[in-house]
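Student: got a structure for you, letters missing:
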């Protein structure tokens, strides 16, 4: 008994009933898989294999001809399905291309589609083959296949369009089901009130991500599971139980928002890159299933973590691996970034923080690109800046945080601001990194330029133009203390760029902090894309009787409140904290002196008398600290003081600084000594405000002498103890450790800044002799 199978039907009978005596020389590829003759005893199978190898067999395919595909007919076999064309990947439910028949198309109508050149509709060729032997059936089927003729192209297109329309409708219905909870999320977030500003920030990012998905996402086989998971996440976030725990689980919520943003970025970039070749060339979407699966796993883990009210380590966006591209050599401002120790205390400044987070997450194209937060010294601008930067980093939307500082003006940070911001963004965005690398890789002079106009065009605008919208969502850039950059000329070009028409179209939200100095106000006040907010009119938040009294007395001056707490905390000899609190409350603004100045004066008065040797030592130590061009730790300051020309000046600076921890940082640890707030330096340099505690800044003779003496005493050949001089620095594996051990901070400082201190000092024979001793000896080679 023989059987010939085609999906359970008889292929030879079907072919004989379908076509007969057709014109043309159509060949069908793959007859061995399409027609399979089986036998219980295996006799016919042996004959089939022999026929396949026999070039004279009626079933053999001529090797010299390229077989042509039938545009309508398709054999259904058990062989693997060929890969879908690239264009089909955007909608996995679309019908097959118009050259193929959908699998669910009935067979009967198909037999009436083909044209017959020598047969009328009344003829029934099936009657001639119904009783034929199996061999005759094979011959008839082979002849029919050779003479097979396709349907007209118009009918092909019509058939394909019907199939595509059906699958398109199904796809639309599926994507609508996915997007439904996303569309209701915005109104849900709007209805929430009294949530933590960090939570509001995270919800704003989630709102922006779902809006991007609503506008651009398409259903695709590769990302369908991820889209369904995202739908589940948004439904989960709107559940009553979730909302009840939202403040407690804000850290997990932050990770969810960061993961959702990364998933949205991946989906949108994937659906935009429809061309298969482009996808293969782009590492971001080269293996979409792996990336999508990672997002699905992370989101599922985070939802479960939220339900369990636990915090576990989930590595978000773990697929993002930055390529090893050449950005080395680009100028970068060290120690100018985020400092989490300067953040606002949790639960404070909620009103202004909410206002900033709402602005930062606003997806409206008409929203201001720059928020200028200004106010007098001590209003807490830096604390707010570092709080927003810290939150933005946790949520994955921080582009860069760049801080100016009065005690770092010698570094000329204004010439490094845009290179630093560009490198920070490149560290977080692979597409921007590739574009930036393409620009600077073969141009060393561009890497180190201090020309901010070139930096703006080449490091910011050109990379953004090249990636053309691949930066998804709002990127937050924080610039703090612009007023401390130096004189107005140091920031003139920066202000001009920030208020230019190009800045109005940046995909950034720039949070800018400064005092309202005239030059800054003139630029920013006239720009339409800059929103100005003053901190001079802030709402007060009270807690407890003593705290309420301090807050009320501060009149919204953040630095005074901090200073007041520091003033009360230490146990001075003969005074309890309660007595110091009462002394603080008794302070009043004196004529010509603000409450902050009065407090500074009281702190200094409590540790330094207003006459005698202790006052002179105070002035000398504070002059050294204020005139140092780069903050140094106490040990380095002490080492340099031991090099001062006068013997009476070579004392331990801790005799003075131990009493100044309320106003100076670095007193109780190994960090550089610097003022806790810039207003303290303003106070010390203005004699009308500080009186006897004023510090003169006329010259730096003592520092010039100390730096030159340090070079004379400590420079030596092979200071790092290298075994060979034939090795380049890059080939010495432990060179950083050797430098740290053998070139201490005071020596490093002296090597870099002795010339600047000498320039600001009046001539003295002792200084001239030190310069001659260095330049006229081998020490100059050690210094080089």
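Tutor: That came through fine. Predicted model, so just to flag it, every value in this text is computed and none were measured.

Student: can you give me the strands for the chain?
Tutor: 2-4, 37-39, 370-374, 398-403, 475-480, 508-514, 530-534, 664-665, 674-675 (DSSP state E).

Student: to residue 193, which of those strands lies closest?
Tutor: Among the strands of the chain, the nearest to residue 193 by CB to CB is strand 530-534 (21.4 Å). (C-beta placed from N, C-alpha, C; glycine too.)

Student: give me the below-cutoff pLDDT ranges for the chain.
Tutor: Low-confidence segments of the chain (pLDDT under 70): 1-175, 216-222, 272-287, 311-326, 469-470, 472, 537-546, 553-558, 569-575, 587-593.

Student: nearest to residue 304, out of the strands of the chain?
Tutor: Once those are compared by CB to CB, strand 398-403 is nearest, at 27.2 Å.

Student: mind listing what the closest one pairs with, with the direction of each?
Tutor: Partners of strand 398-403 in the sheet, by DSSP bridges, are strand 475-480 (parallel).

Student: what residues does the strand it pairs with touch?
Tutor: Strand 475-480 is contacted by residues 360, 381-382, 385-386, 388-389, 392, 397-404, 417, 421, 425, 429, 507-513 when judged by CB atoms under 8 Å, 6 or more residues apart in numbering.

Student: what inclination does it have with respect to strand 370-374?
Tutor: If you take axes from the mean of the first three to the mean of the last three CA atoms, to 10 degrees, strand 475-480 sits at 30 degrees to strand 370-374.

Student: if we can go back for a sec, adding distance to residue 226 and mean neighbour count, write the strands of the chain out as a markdown table.
Tutor: Shown next, in a markdown table, are those (distance: least, CB to CB, whole Å; neighbours: other CB atoms under 10 Å):
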| stretch | distance to residue 226 | mean neighbour count |
| --- | --- | --- |
| strand 2-4 | 45 | 14 |
| strand 37-39 | 44 | 15 |
| strand 370-374 | 34 | 23 |
| strand 398-403 | 25 | 25 |
| strand 475-480 | 23 | 25 |
| strand 508-514 | 27 | 23 |
| strand 530-534 | 36 | 16 |
| strand 664-665 | 47 | 16 |
| strand 674-675 | 48 | 22 |
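
Student: now distance to residue 692 too, for those strands, in TSV please.
Tutor: Formatted as TSV, these follow (distance: least, CB to CB, whole Å):
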stretch	distance to residue 692
strand 2-4	113
strand 37-39	111
strand 370-374	33
strand 398-403	33
strand 475-480	33
strand 508-514	31
strand 530-534	35
strand 664-665	18
strand 674-675	19
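
Student: these: which one's closest to residue 179?
Tutor: strand 475-480 (24.8 Å).

Student: and the angle from the closest one to strand 508-514?
Tutor: Using the same axes, to 10 degrees: strand 475-480 against strand 508-514 is 10 degrees.

Student: buried residues in stretch 238-246?
Tutor: 238, 242, 246 (16 or more other CB atoms under 10 Å).

Student: in this structure residue 212 contacts residue 268, no?
Tutor: Yes. Contact status for residue 212 versus residue 268: in contact at 6.0 Å, counting by CB atoms under 8 Å.

Student: hang on, the earlier thing: so which of the strands of the chain gets nearest residue 568?
Tutor: Nearest to residue 568, of the strands of the chain and by CB to CB, is strand 664-665 at 17.4 Å.

Student: for the residue nearest to residue 623 when sequence neighbours are not counted, grab the count of nearby residues.
Tutor: Leaving aside its chain neighbours, residue 623 sits nearest to residue 695 (5.4 Å; criterion: CB to CB, 6 or more residues apart in numbering). By the measure other CB atoms under 10 Å, the count of residues near residue 695 is 20.

Student: now residue 695: phi and psi?
Tutor: The phi and psi torsions at residue 695 (degrees, to the nearest 10) take the values phi -120, psi 120.

Student: from residue 360, how far off is residue 525?
Tutor: 21 Å (CB to CB, to the nearest Å).

Student: dump the residue contacts of residue 423.
Tutor: Residue 423 touches 327, 330, 332, 436, counting by CB under 8 Å, 6+ apart.

Student: now that we have these, which one has the most neighbours?
Tutor: Neighbour counts for the contacts of residue 423 (other CB under 10 Å) peak at residue 436, which has 27 neighbours.

Student: that one touches residue 426, doesn't it?
Tutor: Yes. Using CB under 8 Å, residue 436 is in contact with residue 426, at 5.0 Å.

Student: the more surrounded of residue 525 and residue 360?
Tutor: Set side by side, residue 525 and residue 360 show more neighbours around residue 360, with 25 against 13, by other CB under 10 Å.

Student: and the nearest residue to that one once chain neighbours are set aside, bridged to which residues?
Tutor: Leaving aside its sequence neighbours, residue 360 sits nearest to residue 509 (CB to CB, 6+ apart; 4.8 Å). Beta-bridge partners for residue 509, by DSSP bridges, are residue 476.

Student: any idea how far residue 425 is from residue 509?
Tutor: 13 Å.

Student: cool, and residue 647?
Tutor: 53 Å.

Student: do residue 379 as well
Tutor: 29 Å.

Student: and if you look at residue 342?
Tutor: Counting by CB to CB, the gap from residue 342 to residue 425 is 22 Å.

Student: these two: which is more packed in?
Tutor: Legend: neighbour count by other CB under 10 Å for residue 342 and residue 425, higher for residue 425 (23 against 18).

Student: just to check, the more buried one is in contact with residue 398?
Tutor: No. With contact defined as CB under 8 Å, residue 425 does not reach residue 398; the gap is 9.5 Å.

Student: what's stretch 609-622 in contact with?
Tutor: 604, 608, 649, 651, 653, 655-657, 684, 692-693, 695-696, 702.

Student: can you name the residues that contact residue 211?
Tutor: 186, 363.
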